[in-house]
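Visitor: I need the structure of the sequence given here:
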Amino acid sequence: MFNRMKTLVLLQLDNRYRYKSKRALIAKLAVKTGVFAVCTLVMFGVLYLLKYVVNLPVTKDFLLFVLALSQYVGIAVTTIGLKRALYDSNDNAILFAFPAKHSEVFYSKLAVFYIGEFSKSLFFLLPLFLVFGFLTPVSAWFFVNSALMIFVLPTLTVLIAALLCIPLMYLSKLFRRFPAVYAVLLVAVAVLLFAGLTSLLVKVPKPLRIVAVYNTIINGIVKVIVNSNRFALFYSFAADILFLKNVGLNWLFLLALSAALLVCNYFLARPLFFRMVASSSENAVEKKHRTDYKTKGEFGAFLFKELTLAKRNIGRVLNNYLLLFVMPFLMYSVNHIFGSIELSSRGNALVFGVNMLIGLAFVTASNSHTATALSEEGGEFVLLKTAPGRTYKIAFAKIVSNLVVSSAIIVVTSALMFAFGSLAAADAVFLVLCYLFVNVGHILWSLELDIKNPQLREFASTGHFQNNKNVSASIVFGLVTALLFGAVSAVLYFFMGVWSQMITLALALIFVAGRFYLFNLNMKCLFERIEF
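Guide: Modelled structure (predicted):
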């Protein structure tokens with residue numbers, strides 16, 4: 001059984017943990033060690049800043065709050081990923097063809113996600129525990145229990161996510177069949193959030209003197225942390241273990257909870273997984289074409305294909321632009337708060353840079369799905385490559401919908417900022433133009449990443465991506481771009497005033513022109529060389 005499970009896990013991990021030589025393994029370990037050291041230093045800087053500069057109490061309540069919040073986020077992310085791996089993955093048919101039991105296939109998928117969660121814990125929770133123990137007087141047993149928690153907490157995350165996949169799977173089926181329901185639900189949530197946000201921002205005093213109310217703000221944050229910890233559930237037992245409170249009893253409870261979740265997965269999630277994989281949907285298509293196919297132009301044919309695929313999965317399209325939908329709320333909140341403060345010339349420059357930073361961070365992060373636009377062709381890429389069409393038309397058909405939707409949301413966001421008095425008309429127009437130019441450049445950059453390193457085989461075998469390097473690179477490059485533009489625009493605004501807007505806009509134009517040139521160059525050189 002162990003050998004079969006090991007084989008199944010390695011098959012799903014693919015080449016991520018496969019090394020050609022000991023030298024490659026040592027190099028990889030050295031890189032991981034360096035990343036861990038950087039994460040620890042960053043965590044030290046953050047906690048030191050909070051404790052000694054911000055004067056926020058870094059206590060057990062703070063640790064429990066961060067621990068519970070990180071685990072809830074991990075459960076949400078793992079639930080989405082597990083749902084795809086268990087019920088939507090193309091590799092299920094292949095794995096079930098191996099001489100292995102159905103339970104082994106199911107638990108091998110959980111093991112793959114456990115490895116991923118364990119890796120995340122090493123680079124977040126372990127630095128958090130180490131730095132907290134260094135800055136706060138704790139017992140040596142704190143570090144021993146912390147090391148054990150790194151193994152136990154990912155187990156709880158994966159097992160809970162496997163159970164939550166069941167209702168999520170049925171909800172996704174409902175939304176896929178009735179996409180209008182999903183769209184209406186999102187609009188309703190957006191309206192409620194905007195109404196609630198507005199009611200809170202109205203209570204912000206004008207002018208807002210942060211120094212005068214600083215202690216009130218800190219006390220309010222502490223109160224929020226304490227009240228939020230009421231919903232920490234069993235993670236409060238983990239915090240008690242770290243601080244040596246009923247250690248044996250709390251460890252027994254966590255282990256019993258893990259065993260209970262394992263049993264629930266065995267009797268609930270495992271049979272459903274087998275039933276869903278065993279049932280075929282090849283003959284389940286009920287839609288009929290009621291109109292004749294019409295001849296389209298070369299670019300129109302490729303664009304129609306992309307729009308048809310998007311129409312078949314509206315929920316996924318909406319999820320791709322979720323960050324852009326959140327962007328207006330955050331920008332409105334930030335500018336409303338800044339508008340309540342009497343700002344100096346440095347303050348105005350800071351506000352200018354923050355608007356640039358936040359806006360571009362959200363805009364570029366929402367383009368991460370473009371970094372897999374070509375790879376999502378999977379095995380059908382051969383047909384796309386041999387299609388009688390020009391390469392640039394194939395490529396631009398894949399990004400035109402992203403360009404249109406993201407540009408529309410950017411314009412609407414800036415219009416809202418101007419309508420509610422958060423931004424002046426000139427500033428709103430300037431931000432729109434900068435956002436649009438950088439957005440176009442980053443979209444081209446993201447697709448260029450996919451052209452350079454396509455993951456066609458992974459998508460063809462599984463039907464989804466897990467820890468895709470192109471997506472990670474797209475997000476990192478976008479964040480770096482946002483930081484640079486935010487810093488440069490703030491400095492220029494402080495020293496040059498209004499003229500800084502023209503210079504920043506010129507830099508955005510240079511950025512998009514440079515990215516277009518490099519994208520076109522790489523597409524001409526590499527597109528024809530891509531092989532499945």
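
Visitor: for the stretch 401-532 of the chain, what spans make up the helices?
Guide: Using DSSP state H, counting those that start in this stretch, the helices of the stretch 401-532 of the chain run over 425-452, 456-462, 469-496, 499-526.

Visitor: Now do stretch 348-363: everything it contacts.
Guide: 323-324, 326-327, 330-331, 334-335, 338, 343, 406, 410, 413, 423, 427, 431, 434-435, 438-439, 442, 478-479, 481-483, 485-487, 489-491, 493-494, 500, 504 (CB atoms under 8 Å, 6 or more residues apart in numbering). C-beta here means a position set from N, CA and C on the backbone, and glycine is covered the same way.

Visitor: Please apply the same query to stretch 100-111.
Guide: With CB under 8 Å, 6+ apart as the contact definition, stretch 100-111 has outside contacts at 1, 4-5, 7-9, 12, 82, 85-86, 92, 95-96, 98, 158-159, 162, 265-266, 269-270, 273-274.

Visitor: Can you say which of the contacts of stretch 348-363 are buried?
Guide: Neighbour counting with 16 or more other CB atoms under 10 Å marks 323-324, 327, 330-331, 334-335, 338, 406, 410, 413, 423, 427, 431, 434-435, 438-439, 442, 478, 481-482, 485-486, 489-490, 493-494, 500, 504 as buried within those.

Visitor: Excluding sequence neighbours, find me the nearest residue to A239.
Guide: L64 (4.2 Å; CB to CB, 6 or more residues apart in numbering).

Visitor: and if you look at P454?
Guide: Residue nearest to P454 in three dimensions, not counting chain neighbours: S375, with 5.0 Å by CB to CB, 6+ apart.

Visitor: Next, the residue nearest to A239: phi, psi?
Guide: With angles defined as degrees, to the nearest 10, L64 sits at phi -60, psi -40.

Visitor: Next, the contact list for it, please.
Guide: Contacts of L64 by CB under 8 Å, 6+ apart are 229, 232, 235-236, 239.

Visitor: Show only the entries of those residues found in helices.
Guide: Judged by DSSP state H, the subset of these located in helices is 235-236, 239.

Visitor: buried subset of those?
Guide: Buried members of these, scored by 16+ other CB under 10 Å, are 235-236, 239.

Visitor: now those residues as JSON lines including pLDDT and distance to P454?
Guide: Putting those into JSON lines (pLDDT from 0 to 100; distance: CB to CB, whole Å) gives the following:
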{"residue": "Y235", "pLDDT": "92", "distance to P454": "40"}
{"residue": "S236", "pLDDT": "93", "distance to P454": "46"}
{"residue": "A239", "pLDDT": "92", "distance to P454": "45"}
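
Visitor: just to revisit the earlier point, isn't the residue nearest to P454 right next to L456, touching?
Guide: Yes. Checked against CB atoms under 8 Å, the pair S375 and L456 is within contact range at 5.6 Å.

Visitor: Settle it for me: which of those two has more neighbours?
Guide: S375 (23 against 20; other CB atoms under 10 Å).

Visitor: And E286, what's its pLDDT?
Guide: pLDDT for E286: 51.

Visitor: so where's the stretch 251-400 of the chain shaky on pLDDT?
Guide: 280-299, 301-302, 310-316, 318-319, 343-345, 378-392 (pLDDT under 70).

Visitor: Show the model's pLDDT score for Y19.
Guide: Looking at Y19, its pLDDT is 63.

Visitor: residues of the helix or strand hosting W251 that come out buried?
Guide: According to DSSP states H and E, W251 maps onto helix 247-264. Across helix 247-264, burial judged by 16+ other CB under 10 Å covers 250-251, 253-254, 257, 261.

Visitor: after it, next one along is what?
Guide: Sequence order places helix 270-278 as the next helix or strand after helix 247-264, per DSSP H and E.

Visitor: what helices or strands is that following helix leaning on?
Guide: With contacts defined as 3 or more CB pairs under 8 Å, 6 or more residues apart in numbering; DSSP states H and E, the packing partners of helix 270-278 are helix 60-87, helix 92-96, helix 102-123.

Visitor: Now A415. Nearest residue, chain neighbours left out?
Guide: Leaving aside its sequence neighbours, A415 sits nearest to A428 (CB to CB, 6+ apart; 7.3 Å).

Visitor: And D240, by the same measure?
Guide: D240 sits nearest to N250 (CB to CB, 6+ apart), 5.1 Å away.

Visitor: Please tell me how far the one you found sits from F237.
Guide: Note on N250: its distance to F237, by CB to CB, to the nearest Å, is 4 Å.
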